[in-house]
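**Student:** structure of the sequence below:
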Amino acid sequence: MQSARSVGHDRPRVGPAGHYRKAIPAMQPHPLVDIGINLAHDSYDPDRAEVVERALAAGVRRMVITGSSLGSARRAVELCRQWPGLMRATAGVHPHHAREFPDHDLPALAGILADPLVTSAGECGLDYFRDFSPRDEQRRAFARQLELAATLSKPVFLHQRDAHADFMAILRDHLPSLPAAVVHCFTGTGPELDEYLAEGLFVGLTGWICDERRGTAVRDLVPLIPLERLMIETDGPYLMPRNIRPRPGHRRNEPMNLRYVFEAICEVRTETPERIAATTTDNALKFFSLPALGSVS
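**Tutor:** Numbers count the residues shown, from 1 in each chain. Alright, predicted model coming up:
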(Lines give C-alpha, C1' and ligand atoms only; values in the text may rest on other atoms or scores of the structure.)
Protein backbone atom coordinates (compact mmCIF):
# COMPACT_ATOMS: atom_id res chain seq x y z
CA MET A 1 0.00 0.00 0.00
CA GLN A 2 1.26 3.48 -0.83
CA SER A 3 2.28 5.39 2.26
CA ALA A 4 0.72 8.79 2.94
CA ARG A 5 4.31 10.01 3.14
CA SER A 6 4.41 9.92 -0.65
CA VAL A 7 1.22 11.91 -1.17
CA GLY A 8 3.01 15.23 -0.82
CA HIS A 9 5.39 14.46 -3.66
CA ASP A 10 5.10 13.42 -7.27
CA ARG A 11 5.13 9.65 -7.34
CA PRO A 12 8.31 8.47 -9.05
CA ARG A 13 7.96 6.83 -12.45
CA VAL A 14 9.89 3.62 -12.21
CA GLY A 15 11.12 1.62 -15.15
CA PRO A 16 12.74 -1.79 -15.23
CA ALA A 17 16.10 -2.24 -13.57
CA GLY A 18 17.90 -2.40 -16.89
CA HIS A 19 16.80 1.16 -17.65
CA TYR A 20 19.19 2.41 -14.94
CA ARG A 21 22.17 0.16 -15.48
CA LYS A 22 23.34 2.22 -18.45
CA ALA A 23 23.61 5.28 -16.19
CA ILE A 24 25.91 3.92 -13.47
CA PRO A 25 28.15 6.89 -12.56
CA ALA A 26 31.92 6.92 -12.32
CA MET A 27 33.45 6.32 -8.91
CA GLN A 28 32.90 9.33 -6.68
CA PRO A 29 36.26 10.26 -5.11
CA HIS A 30 34.63 11.65 -1.96
CA PRO A 31 32.98 9.08 0.35
CA LEU A 32 29.50 10.31 1.28
CA VAL A 33 26.67 9.27 3.64
CA ASP A 34 23.00 9.48 2.69
CA ILE A 35 21.28 10.18 6.02
CA GLY A 36 17.74 9.98 4.64
CA ILE A 37 16.74 7.40 2.05
CA ASN A 38 13.28 5.78 2.01
CA LEU A 39 14.70 2.53 0.66
CA ALA A 40 11.72 0.53 1.93
CA HIS A 41 9.48 2.42 -0.53
CA ASP A 42 7.79 0.09 -3.00
CA SER A 43 9.22 1.97 -5.98
CA TYR A 44 12.54 0.25 -5.19
CA ASP A 45 11.05 -3.24 -5.16
CA PRO A 46 12.00 -4.09 -8.78
CA ASP A 47 15.71 -3.33 -8.41
CA ARG A 48 16.67 -2.55 -4.80
CA ALA A 49 19.95 -4.47 -4.93
CA GLU A 50 20.96 -2.60 -8.08
CA VAL A 51 20.07 0.71 -6.37
CA VAL A 52 22.50 -0.19 -3.60
CA GLU A 53 25.18 -1.17 -6.13
CA ARG A 54 24.80 2.13 -7.97
CA ALA A 55 25.04 4.05 -4.70
CA LEU A 56 28.30 2.33 -3.79
CA ALA A 57 29.68 2.97 -7.28
CA ALA A 58 28.86 6.67 -6.83
CA GLY A 59 30.77 6.90 -3.54
CA VAL A 60 27.82 6.62 -1.14
CA ARG A 61 29.46 4.50 1.53
CA ARG A 62 26.73 4.45 4.18
CA MET A 63 22.95 4.93 4.19
CA VAL A 64 20.37 5.63 6.87
CA ILE A 65 17.04 4.03 5.97
CA THR A 66 14.07 6.15 7.02
CA GLY A 67 11.26 4.56 9.00
CA SER A 68 8.20 6.83 8.82
CA SER A 69 5.54 4.39 10.09
CA LEU A 70 5.61 1.19 12.10
CA GLY A 71 5.45 -0.83 8.89
CA SER A 72 8.17 1.05 7.05
CA ALA A 73 10.39 1.03 10.16
CA ARG A 74 10.14 -2.76 10.36
CA ARG A 75 11.02 -3.00 6.69
CA ALA A 76 13.95 -0.61 7.20
CA VAL A 77 15.33 -2.92 9.87
CA GLU A 78 14.98 -5.89 7.50
CA LEU A 79 17.03 -4.01 4.90
CA CYS A 80 19.71 -3.22 7.48
CA ARG A 81 19.93 -6.94 8.25
CA GLN A 82 20.62 -7.55 4.56
CA TRP A 83 23.36 -4.89 4.47
CA PRO A 84 24.52 -4.54 8.11
CA GLY A 85 27.89 -3.04 7.22
CA LEU A 86 26.30 -0.40 5.02
CA MET A 87 23.02 0.65 6.64
CA ARG A 88 21.33 1.74 9.83
CA ALA A 89 17.68 2.68 10.30
CA THR A 90 15.46 5.27 11.91
CA ALA A 91 12.10 4.31 13.41
CA GLY A 92 9.24 6.72 13.90
CA VAL A 93 5.88 7.97 12.75
CA HIS A 94 5.76 10.81 10.25
CA PRO A 95 3.22 13.55 11.04
CA HIS A 96 1.19 12.47 8.00
CA HIS A 97 0.52 9.21 9.88
CA ALA A 98 -0.10 10.72 13.32
CA ARG A 99 -3.81 9.93 13.29
CA GLU A 100 -2.89 6.25 12.71
CA PHE A 101 -0.58 6.17 15.75
CA PRO A 102 -2.56 5.92 19.01
CA ASP A 103 -0.71 5.96 22.29
CA HIS A 104 -1.22 2.22 22.71
CA ASP A 105 1.14 1.71 19.74
CA LEU A 106 4.03 3.29 21.65
CA PRO A 107 5.27 -0.08 22.99
CA ALA A 108 5.44 -1.41 19.43
CA LEU A 109 7.57 1.57 18.37
CA ALA A 110 9.73 1.16 21.47
CA GLY A 111 10.34 -2.45 20.48
CA ILE A 112 11.56 -1.43 17.03
CA LEU A 113 13.74 1.33 18.47
CA ALA A 114 15.37 -1.22 20.78
CA ASP A 115 16.90 -3.02 17.80
CA PRO A 116 20.64 -2.22 17.66
CA LEU A 117 20.34 -1.51 13.93
CA VAL A 118 17.94 1.35 14.71
CA THR A 119 20.15 4.23 15.76
CA SER A 120 17.73 7.17 15.59
CA ALA A 121 14.10 7.91 16.46
CA GLY A 122 11.93 9.42 13.74
CA GLU A 123 11.02 10.53 11.17
CA CYS A 124 8.81 12.58 13.46
CA GLY A 125 7.66 16.18 13.70
CA LEU A 126 4.94 18.44 12.35
CA ASP A 127 3.63 19.13 8.85
CA TYR A 128 1.04 21.90 8.56
CA PHE A 129 1.61 22.22 4.81
CA ARG A 130 -0.38 19.08 4.00
CA ASP A 131 -2.29 18.50 7.25
CA PHE A 132 -2.93 14.85 6.41
CA SER A 133 -3.43 14.34 10.15
CA PRO A 134 -5.18 16.83 12.45
CA ARG A 135 -2.74 19.23 14.03
CA ASP A 136 -3.57 18.22 17.59
CA GLU A 137 -2.85 14.58 16.66
CA GLN A 138 0.45 15.64 15.07
CA ARG A 139 1.51 17.48 18.21
CA ARG A 140 0.56 14.54 20.43
CA ALA A 141 2.43 11.99 18.29
CA PHE A 142 5.49 14.25 18.08
CA ALA A 143 5.68 14.79 21.83
CA ARG A 144 5.21 11.08 22.56
CA GLN A 145 8.03 10.14 20.21
CA LEU A 146 10.39 12.69 21.72
CA GLU A 147 9.61 11.30 25.17
CA LEU A 148 10.35 7.79 23.91
CA ALA A 149 13.59 8.89 22.23
CA ALA A 150 14.74 10.52 25.47
CA THR A 151 13.91 7.40 27.48
CA LEU A 152 15.90 5.22 25.06
CA SER A 153 18.71 7.77 24.59
CA LYS A 154 18.22 7.90 20.82
CA PRO A 155 18.96 10.96 18.66
CA VAL A 156 15.99 12.18 16.63
CA PHE A 157 15.41 12.57 12.90
CA LEU A 158 13.01 15.48 12.54
CA HIS A 159 10.47 16.74 9.99
CA GLN A 160 9.04 20.26 9.97
CA ARG A 161 7.06 22.04 7.30
CA ASP A 162 5.05 25.23 7.84
CA ALA A 163 4.85 24.48 11.57
CA HIS A 164 7.99 26.07 12.98
CA ALA A 165 6.57 27.79 16.07
CA ASP A 166 4.73 24.72 17.37
CA PHE A 167 7.60 22.47 16.34
CA MET A 168 10.14 24.43 18.36
CA ALA A 169 7.83 24.83 21.35
CA ILE A 170 7.45 21.05 21.63
CA LEU A 171 11.06 20.25 20.78
CA ARG A 172 12.52 22.67 23.32
CA ASP A 173 10.71 20.86 26.13
CA HIS A 174 12.61 17.67 25.27
CA LEU A 175 15.97 18.78 23.89
CA PRO A 176 17.76 18.72 27.27
CA SER A 177 16.99 14.98 27.51
CA LEU A 178 17.93 14.08 23.91
CA PRO A 179 21.45 13.11 22.82
CA ALA A 180 21.17 14.96 19.48
CA ALA A 181 18.71 16.01 16.77
CA VAL A 182 18.81 16.71 13.05
CA VAL A 183 16.25 18.72 11.07
CA HIS A 184 15.90 16.50 8.03
CA CYS A 185 15.28 18.01 4.57
CA PHE A 186 15.64 21.63 5.66
CA THR A 187 13.46 23.92 3.50
CA GLY A 188 12.94 26.76 5.95
CA THR A 189 13.83 30.41 6.35
CA GLY A 190 16.84 32.26 7.71
CA PRO A 191 15.25 32.95 11.10
CA GLU A 192 14.22 29.29 11.38
CA LEU A 193 17.77 28.21 10.61
CA ASP A 194 19.07 30.61 13.24
CA GLU A 195 16.83 28.99 15.87
CA TYR A 196 17.88 25.49 14.90
CA LEU A 197 21.55 26.39 15.15
CA ALA A 198 21.05 28.23 18.43
CA GLU A 199 19.52 25.06 19.88
CA GLY A 200 22.45 22.92 18.69
CA LEU A 201 20.55 21.06 15.98
CA PHE A 202 22.11 19.45 12.92
CA VAL A 203 20.74 20.32 9.48
CA GLY A 204 20.13 17.89 6.62
CA LEU A 205 20.13 19.17 3.03
CA THR A 206 18.48 17.45 0.06
CA GLY A 207 17.99 18.03 -3.66
CA TRP A 208 15.67 20.90 -2.71
CA ILE A 209 18.74 23.14 -2.98
CA CYS A 210 19.22 21.96 -6.58
CA ASP A 211 15.78 23.25 -7.60
CA GLU A 212 16.01 26.57 -9.43
CA ARG A 213 12.24 27.06 -9.09
CA ARG A 214 11.79 26.82 -5.33
CA GLY A 215 15.11 26.05 -3.69
CA THR A 216 17.14 29.22 -4.26
CA ALA A 217 16.29 30.79 -0.89
CA VAL A 218 17.48 27.70 0.97
CA ARG A 219 20.55 27.44 -1.27
CA ASP A 220 21.47 31.00 -0.23
CA LEU A 221 21.44 29.87 3.42
CA VAL A 222 23.78 26.91 2.89
CA PRO A 223 26.99 28.93 3.56
CA LEU A 224 25.56 29.98 6.95
CA ILE A 225 25.36 26.42 8.30
CA PRO A 226 28.47 25.51 10.32
CA LEU A 227 30.11 22.59 8.59
CA GLU A 228 30.19 20.60 11.83
CA ARG A 229 26.35 20.77 11.90
CA LEU A 230 25.76 19.79 8.27
CA MET A 231 24.68 16.45 6.77
CA ILE A 232 23.37 15.50 3.33
CA GLU A 233 20.61 13.24 2.07
CA THR A 234 18.54 12.35 -0.98
CA ASP A 235 15.14 11.67 0.66
CA GLY A 236 14.72 9.27 -2.26
CA PRO A 237 12.54 8.33 -4.01
CA TYR A 238 11.50 11.99 -3.67
CA LEU A 239 13.27 15.25 -4.53
CA MET A 240 15.25 14.28 -7.62
CA PRO A 241 18.05 16.88 -7.96
CA ARG A 242 17.31 19.15 -10.90
CA ASN A 243 21.01 19.73 -11.62
CA ILE A 244 21.41 16.23 -13.12
CA ARG A 245 22.49 16.43 -16.75
CA PRO A 246 21.10 14.97 -18.87
CA ARG A 247 17.89 14.97 -16.89
CA PRO A 248 16.50 11.49 -16.26
CA GLY A 249 13.32 10.42 -18.02
CA HIS A 250 11.77 9.41 -14.68
CA ARG A 251 11.25 11.00 -11.26
CA ARG A 252 12.50 8.30 -8.91
CA ASN A 253 15.41 9.64 -6.92
CA GLU A 254 17.97 7.23 -5.48
CA PRO A 255 21.14 7.35 -3.35
CA MET A 256 23.58 7.50 -6.28
CA ASN A 257 22.25 11.03 -6.87
CA LEU A 258 23.58 12.24 -3.51
CA ARG A 259 26.65 13.54 -5.33
CA TYR A 260 24.49 16.20 -7.04
CA VAL A 261 23.38 17.54 -3.66
CA PHE A 262 27.01 17.48 -2.58
CA GLU A 263 28.10 19.36 -5.71
CA ALA A 264 25.43 22.04 -5.14
CA ILE A 265 26.71 22.51 -1.59
CA CYS A 266 30.31 22.76 -2.79
CA GLU A 267 29.33 25.47 -5.28
CA VAL A 268 28.22 27.87 -2.54
CA ARG A 269 30.65 27.13 0.29
CA THR A 270 34.26 28.23 0.66
CA GLU A 271 35.69 24.96 2.04
CA THR A 272 37.26 22.45 -0.31
CA PRO A 273 35.11 19.54 -1.53
CA GLU A 274 37.45 17.22 0.35
CA ARG A 275 36.77 18.96 3.64
CA ILE A 276 33.02 19.18 3.04
CA ALA A 277 32.83 15.48 2.22
CA ALA A 278 35.03 14.44 5.14
CA THR A 279 33.20 16.57 7.71
CA THR A 280 29.63 15.78 6.63
CA THR A 281 30.53 12.09 6.51
CA ASP A 282 32.09 12.20 9.96
CA ASN A 283 29.04 14.04 11.31
CA ALA A 284 26.75 11.32 9.95
CA LEU A 285 28.90 8.41 11.14
CA LYS A 286 28.87 9.74 14.69
CA PHE A 287 25.24 10.91 14.81
CA PHE A 288 23.79 7.64 13.47
CA SER A 289 26.38 5.28 15.00
CA LEU A 290 27.26 3.98 11.54
CA PRO A 291 30.02 1.43 10.90
CA ALA A 292 33.39 3.04 10.27
CA LEU A 293 34.24 3.42 6.60
CA GLY A 294 37.14 1.03 6.96
CA SER A 295 34.80 -1.81 7.94
CA VAL A 296 33.36 -4.31 5.48
CA SER A 297 30.25 -3.15 3.61
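**Student:** secondary structure class for S289?
**Tutor:** Assigned with DSSP: H, G, I helix; E, B strand; the rest coil, S289 falls in the coil class.
**Student:** so what's the backbone phi/psi at V60?
**Tutor:** phi -80, psi 110 (degrees, to the nearest 10).
**Student:** from A58, how far out is the residue nearest to it when sequence neighbours are not counted?
**Tutor:** The spatial neighbour of V60 that comes closest, neighbours along the chain excluded (Cβ to Cβ, 6 or more residues apart in numbering), is P255 at 4.8 Å. For every residue, glycine as well, the C-beta is placed using N, CA and C. Distance, P255 to A58, by Cβ to Cβ, to the nearest Å: 7 Å.
**Student:** my read: the residue nearest to V60 touches I65, true?
**Tutor:** No: taking contacts as Cβ atoms under 8 Å, P255 lies outside contact range of I65: 10.2 Å.
**Student:** so for those two, which residues contact both of them?
**Tutor:** Residues touching both P255 and I65 (Cβ atoms under 8 Å, 6 or more residues apart in numbering): 37, 39.
**Student:** out of the helices and strands in this structure, which is least certain?
**Tutor:** helix 17-21 (a mean of 36; mean pLDDT, DSSP states H and E).
**Student:** what residues does the next helix or strand after that one touch?
**Tutor:** Using DSSP states H and E, the helix or strand that directly follows helix 17-21 along the chain is strand 32-37. With contacts defined as Cβ under 8 Å, 6+ apart, strand 32-37 is touched by 55, 59-66, 123, 157, 182, 184-185, 204, 206, 231-236, 254-255, 258-259, 262, 277, 280-281, 284-285, 287-288, 290.
**Student:** just the strands in the stretch 151-297 of the chain please.
**Tutor:** 156-161, 181-183, 202-205, 230-232 (DSSP state E, counting those that start in this stretch).
**Student:** in TSV: those strands, plus distance to D47, mean pLDDT and mean neighbour count.
**Tutor:** Below are the strands of the stretch 151-297 of the chain laid out as TSV (distance: least, Cβ to Cβ, whole Å; pLDDT from 0 to 100; neighbours: other Cβ atoms under 10 Å):
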stretch	distance to D47	mean pLDDT	mean neighbour count
strand 156-161	26	98	26
strand 181-183	29	98	27
strand 202-205	25	98	26
strand 230-232	23	98	25
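**Student:** A141: which of those strands is closest?
**Tutor:** Closest to A141 of those is strand 156-161 (Cβ to Cβ; 11.4 Å).
**Student:** that closest one pairs with which strands?
**Tutor:** strand 118-127 (parallel), strand 181-183 (parallel) (DSSP bridges).
**Student:** tilt between the first one and strand 32-37?
**Tutor:** Note on geometry: by axes from the mean of the first three to the mean of the last three Cα atoms, to 10 degrees, strand 118-127 and strand 32-37 are set 50 degrees apart in direction.
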